[in-house]
Each structure stands twice: as C-alpha cells, then as structure tokens.
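# sequence and predicted structure below; questions after.
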Amino acid sequence: MTIACIAAIDQGTSSSRVLIFSATGKILGSHQMEHTQHYPLAGQVEHDPLELWKNVKICLAKALSKVNDKVEVVGIGITNQRETTVVWNRHTGEPYHRAIVWNDTRTNKISHDLAEKFGSKDYFREKTGLPIASYFSATKLLYILDSDPEIRAAALQGDALFGTIDTWLIWRLTNGKVHADECVPHIYPSAHVFGHVDTLTDGLVEHHVADDDVEFFGSYHNVPISGVIGDQNAALFGQTCFEKGQAKCTYGTGAFLLMNTGSDIVQSHNGLLTTLAYQLTPELTPRPIYALEGSVAYSGSLIQWLRDNLHMISEAKETETIAATVPDNGGVYFVPAFAGLYAPYWREDARAAIVGLTAYNTKAHIVRAALEASAFQVEAVMAAMAQDSGTPISTLKVDGGFSSNSLIMQFQSDLLQVPLIKPCIAETTSLGAAFVAGLGTGIWSSLEDIHELWHAEKHWHPHMPKQHRAKALYQWKKALSRSLFWKDSATFTHTGDVVLGSDTDPFLQHLPSQTGAAVRHIVDRKQSTMPPQPPPPAIAASAPSAPVAAPALAPTATSTASATAAAAKSTGKLSSISRSVALVGVAASVGFAMGMFYQSGAMK
C-alpha cells in the first residue's frame, strides 16, 4: 500500500527547498540549496533563473530519494519569493537577463516619476491596495523593456514571456506547456491544477542533475501542480490563520507580518499593503480572503550580511549565544535600511546606520542590535496594523529562522506586549504550499482537517517593565530618524558650491557654508515624493474607529505569480507578455500594473 503525499517547492530569496509531506503533516524528506546573490551595483539584487531552476530540480530529486519506496507524490505545491521578475524566450527557454529581485531598488526613479505623473504614490492604492514603489514587479518589467531594445523587440514579436518565479517554475516543470500568466480573463483558485510535470528530456527541459538522481526526478512525471501561493500568503495559510483578526509573522530574509481581514478589504492609511491572502474552491471559500501586510526588507539577510560582508560571525546560529553574553544592546541601534525602509515608512531615501556607539561597545552589542532591529521594525508594522484594522492583535504566531532564537522572540514579545506562539512545524511556508496542493488533490477536504494538524511548540509572554520598553522604542525611533534623507538630490558644482534640494535633511539646510565654497545654494525643487513622516504611534490603548469601507480590489487569482505588465511600446499593441496576470497573493499587483500601464499609455 502506497502513502499519498505532497511535494512542496519553496523557492525563496536565499535558497530553494523541497519538502515531502504526508497526509498527517509529517515531513518525510527534504533537501535545500542556497543560490548565488548577485549585486551588480549598489541597491541592485539579482538571481540567475537557470540556477534557481536547476536547484529546484535537484531538490525535488534529492528530497524524494530520502523517502521509502511506498511513498507516492500525488500533487506538487509551489510557493515562492514574490515580485522577483523574469523575462525569457518562449522558444529556447533562455532568460534574457538575470531575475530582478523583489528588494532591488533600481526602479526608484521610475516609481518617483510615475508618482509625480499621477499626482501621488498612492494613486492606485484604492483599487489595488498598493503604492507605486520599486518593490513591485510592474516597475521592474518597465525597466527591463526600457533598458534593452532586444527584449522589447522580442516582446513585440510575441517571443518573450514574463513572470515571477512561480510562473517561471510552472513553465519549466511543464516543459513549456503552461505559461500560468496567460489566463486573462479567467481567475483560478490557489488549490487548482495548473498543469502536469513533464520530465521528458527531448524538449526544453534538460535534467542537469546527478545521474543517480535522474530516476527520482523522473518519478514526478505527470504529477499535477495542484497548488500555487506566494510565500507570505503560504505562511499565513500554513499557520492556519483562517479567522479574521488572526496574524502571523515570518522571519526569513525579511520579516513579514500578515493579518487575516476575512472577506473585508481594509484599505491602509498607515503604510501597509492590502492584499489577497488566498482563495480556494467555492465550497471552502465562497469569497476571497484578504489580508493587511507589512514588509520589512532586512531581517535574516542582515545576519547574513554580518556573516558574509563583515565576517563578524561564522554561522547564523551563533548570534543568540554571542548576543546573550551582554545584558542589553549597550545603547547600540542598527537600522538595516540597505534598500531604504519598507512598511510602514516607505522611505527610499533611508540608508543603513549603526548609531549610539561608544568605546564601551563590543561585537556582541552590534550582533544584539542587529537581532533587535527586526523586532523594532515588526513593532512599528503591528502598531500600524492595529490602527488600520481597528483590532489590536492579541496573539502573534511566529515562524522562520528567527523563531528558533528564544532571546529575540522574548524581546519581540516584550515590545509587542502580546504572547508569541511557535508551531511544531517551523517550515510553515512550505506547509502552506502543501496544504493548498493537498486541498487541490483531495489529500485534505476541509480547513478543519488542516487545522487539526497545527500544534504549538513554544510560547513567549511579555515581561519587560513598561519604562524599559518605552525607553527602547524612543531610542530606536531616534536611530531611525538618523537613517533618513541619506539619498537626496543635492548636487555639487565645479567651484565647490553645494546645491541642495527640498528633499535634503532640514538639519543640513541650516548649517553654515562649507569652507572654500562661495555660496551654499538652496534651490526650490519639487517636493520629494517621499516627504518626512513621523514614525507610527504606539498601539493605542483604545481601539481606533473602524475603517471606511473600500471598493473591491481587481478580480484576483491564485499564485503569487506576477503583476500584469505590458510588453508593448507606449503606442504599440498587446503582445503575449502583456497578457500576464497574477495568480494568488499579488492580485493587488495585477490591478496596480494594469492600471499603471493603461493610464500611462503603455497599453492601448
């Protein structure tokens, strides 16, 4: 008798992994591989799509090789880093460029120009739930098309395909048979058969795996891809946050806090994103389920930076031991704004800063400050979430790498003043992908079946004195203010004069002229699209008034695949690339991209 199971592909920012789950939620086998991070210039982050595909294939084969012969994979679930953008040739399968990663900031100028053109970075927020920002795939695709005439020409000829990583993997796994973005105007649920795996070697897909693993990869032939969901949506689902008001925070490369808002679309007025959480079959979810989301760009990746760039640690797991050698951060605060600040600030002018250093401080203080940075940023997101939703979060479910660090989880509970709960299965992103795929193939038949598989492993409860908490948050906000205005429009003349813009730090505008400079000019420039904003207030003791009802988002689909984007010139025709649509988790991006491209004239 064979054991039916689900293979979950989790293609993340730092690594790819595959986990084999049984019907009881037990992990039967797994394999994980890191991939290369490419940094061509400051603020730019890229991945090689072919390396990602190769690693996923190897992980599929290796994970299956670790389980017994009685296991049968009956479905595949995919979860992935969202917004990372790829364009490839539909005939050869070769990417035209490296993938532009979600936290890449090269499209800041495009975002600013669009915000100026439409009058506000929030022009599309009411319809899509998203601001105009470099975070999302629409501006990345515009950059690709505008910067490479060859790609634009291929798009116009119908030879180029666009997608985020889930679309890319589906296309590869199905041997080029399914381009999951070409589904307009059809909308599909998360638990849905998107195609079947084709492992034949005579087409676009070649193995490129060790000979002894080929047979295991071949075992996936004709297995349905029965669930696709973005990474943070998958974690929300894997944490069984099925009820309105339930929330989770995943500490991975970044930190991502999501709250289930049910079938209500809650527009954010405090710097968060309104997004589609998931949609299953009509029987399971008659209406789409939405969420509020706050994204922190650097969490685990900050620890990786300490390891790889500063060589301050050898392994990430050392950080808890090192940080515990000192009683506190010693007055040191680390603002990891390497690519600006994400929610709830959305300050692209910010840059990373370590402040408060004295001769007393040691490596341990800096490591501890780096760990605490995630907790401080999550606190700001949660404060904004309470204001937007009108419902303070009473308990937070946590997962990801940092959830194994008791020191930082206790500190997080102290800052939030709510209990934290860690599940027995920490790989909730992979588990969420497995759950939606299992619902799509009948492994599980209801949300109740899934909820019974979730169990708590550890709890943390707040115990920090209120005075200490207030001081820590005050000091953090001071440190945060020191990171702002770093990226501005100041220019320097050949005579040594400094020409300041209105986006320059107000402190600098009142300093005396530089020695040797005849004049310090302050020019009247258009107000920056990212004006200074005070940090969000702490969670209020009394619940704010309920948010005003908002119009529905654009119709949504299922995977986090891609935001819709245009491949045609401003006056050109729609090509195959411009028929793309997001599947689950970025339905908001679909509306954002379509609205932006139509109104900017890129679509006709």
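Cool, got the structure.

# make it CA atoms for all contacts and neighbour counts henceforth
OK.

# am I right that residue 322 is in a helix?
Yes - per DSSP: H, G, I helix; E, B strand; the rest coil, residue 322 lies within a helix segment.

# roughly how far does it sit from residue 333?
For residue 322, the distance to residue 333 equals 16 Å [Cα to Cα, to the nearest Å].

# what about those two, which has more around it?
residue 333 (28 against 16; other Cα atoms under 10 Å).

# what sits opposite that one in the beta ladder?
residue 355 (DSSP bridges).

# OK, contacts around it?
Listed by Cα atoms under 8 Å, 6 or more residues apart in numbering, the contact set of residue 333 reads 354-356, 366, 369-370, 373, 475-476, 479.

# separate out the buried members of those residues.
Of the members of the contacts of residue 333, the ones counted as buried by neighbours, 16 or more other Cα atoms under 10 Å, are 354-355, 366, 369-370, 373, 475-476, 479.

# tell me the one of those nearest residue 85?
Of all these, residue 373 has the smallest distance to residue 85: 28.0 Å, by Cα to Cα.

# phi, psi for the closest one please.
Dihedral pair for residue 373: phi -60, psi -40, per degrees, to the nearest 10.

# and the pLDDT at it?
Here, the pLDDT recorded for residue 373 equals 97.

# you'd agree it is up against residue 335?
Yes - between residue 373 and residue 335 there is a contact under Cα atoms under 8 Å: 6.4 Å.

# tell me where the stretch 1-150 of the chain has strands.
3-11, 15-22, 27-34, 46-47, 71-80, 85-89, 99-100 (DSSP state E, counting those that start in this stretch).

# quick check: the residue nearest the centre of the chain vs residue 163, distance?
Among the residues of the chain, the one closest to the centroid is residue 82, at 5.4 Å (Cα atoms, centre = their mean). Per Cα to Cα, residue 82 is found 10 Å from residue 163.

# circling back to that earlier point, I'd like the contacts of residue 333 laid out as a markdown table, including distance to residue 461.
Below are those laid out as a markdown table (distance: Cα to Cα, whole Å):
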| residue | distance to residue 461 |
| --- | --- |
| 354 | 29 |
| 355 | 29 |
| 356 | 29 |
| 366 | 25 |
| 369 | 21 |
| 370 | 22 |
| 373 | 19 |
| 475 | 23 |
| 476 | 22 |
| 479 | 27 |
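
# shaky segments in the stretch 501-604 of the chain?
509-604 (pLDDT under 70).

# identify the residues contacting the residue nearest to residue 60 when sequence neighbours are not counted.
What sits nearest to residue 60 in space, not counting adjacent residues and going by Cα to Cα, 6 or more residues apart in numbering, is residue 18, at 5.8 Å. Residues in contact with residue 18, defined by Cα under 8 Å, 6+ apart, are 7-10, 30-32, 56, 59-60, 63, 430.

# cool, residue 122 as well?
By Cα under 8 Å, 6+ apart, the neighbours of residue 122 are 115, 130-132.

# show the pLDDT at it.
pLDDT at residue 122 comes out at 90.

# what do you get for the one 4 residues further on?
pLDDT recorded at residue 126 is 85.

# what about it, how many neighbours?
18.

# please shift the residue numbers so they start at 23 in all later answers.
In the new count, where the first residue is 23, that last one comes out as residue 148.

# distance of it relative to residue 367?
Taken as Cα to Cα, the span from residue 148 to residue 367 is 18 Å.

# what ranges does the stretch 373-522 of the chain have for its strands?
Taking DSSP E, counting those that start in this stretch as the criterion, the stretch 373-522 of the chain carries its strands at 375-377, 418-422, 442-445, 478-482, 513-514, 520-522.

# hmm, back to that, just put the contacts of residue 40 in JSON lines and tack on distance to residue 517 and pLDDT.
As requested, these are exported to JSON lines (distance: Cα to Cα, whole Å; pLDDT from 0 to 100):
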{"residue": "29", "distance to residue 517": "64", "pLDDT": "95"}
{"residue": "30", "distance to residue 517": "61", "pLDDT": "97"}
{"residue": "31", "distance to residue 517": "58", "pLDDT": "97"}
{"residue": "32", "distance to residue 517": "55", "pLDDT": "97"}
{"residue": "52", "distance to residue 517": "62", "pLDDT": "95"}
{"residue": "53", "distance to residue 517": "60", "pLDDT": "96"}
{"residue": "54", "distance to residue 517": "56", "pLDDT": "96"}
{"residue": "78", "distance to residue 517": "56", "pLDDT": "94"}
{"residue": "81", "distance to residue 517": "59", "pLDDT": "94"}
{"residue": "82", "distance to residue 517": "62", "pLDDT": "92"}
{"residue": "85", "distance to residue 517": "64", "pLDDT": "92"}
{"residue": "452", "distance to residue 517": "58", "pLDDT": "96"}
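
# can you add distance to residue 297 and neighbour count and give those residues back as CSV?
Converted to CSV, the contacts of residue 40 look like this (distance: Cα to Cα, whole Å; neighbours: other Cα atoms under 10 Å):
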residue, distance to residue 297, neighbour count
29, 26, 33
30, 23, 31
31, 22, 29
32, 20, 30
52, 30, 22
53, 31, 20
54, 29, 19
78, 27, 24
81, 30, 25
82, 30, 29
85, 32, 22
452, 20, 28
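
# end to end, how far does stretch 119-135 reach?
So stretch 119-135: terminal residues 24 Å apart, Cα to Cα.

# what comes up buried for it?
For stretch 119-135, the neighbour count (16+ other Cα under 10 Å) marks 119-130, 132-135 as buried.

# go on, stretch 401-420?
401-415, 417-420.

# kindly report the same for stretch 64-81.
66-72, 74-81.

# filter those residues down to the ones in helices?
Judged by DSSP state H, the buried residues of stretch 64-81 include 71-72, 74-81 as members of helices.

# out of those residues, which comes closest to residue 336?
Nearest to residue 336 among those, counting by Cα to Cα, is residue 77 at 24.0 Å.

# for stretch 437-449, output the C-alpha coordinates as PDB.
Coordinates of each C-alpha in stretch 437-449 appear next as PDB, following Å, rounded to 0.1, in the frame of the first residue of the first chain:
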ATOM      1  CA  LEU A 437       8.000  45.100  22.500                       C
ATOM      2  CA  LEU A 438       4.600  44.000  21.200                       C
ATOM      3  CA  GLN A 439       3.200  43.300  24.600                       C
ATOM      4  CA  VAL A 440       1.400  40.200  23.300                       C
ATOM      5  CA  PRO A 441       2.200  36.400  23.500                       C
ATOM      6  CA  LEU A 442       4.000  34.800  20.700                       C
ATOM      7  CA  ILE A 443       3.400  31.200  19.600                       C
ATOM      8  CA  LYS A 444       5.700  29.000  17.600                       C
ATOM      9  CA  PRO A 445       4.300  25.900  15.800                       C
ATOM     10  CA  CYS A 446       5.800  22.400  16.000                       C
ATOM     11  CA  ILE A 447       6.400  22.600  12.200                       C
ATOM     12  CA  ALA A 448       8.500  25.700  11.700                       C
ATOM     13  CA  GLU A 449       8.500  25.400   7.900                       C
END
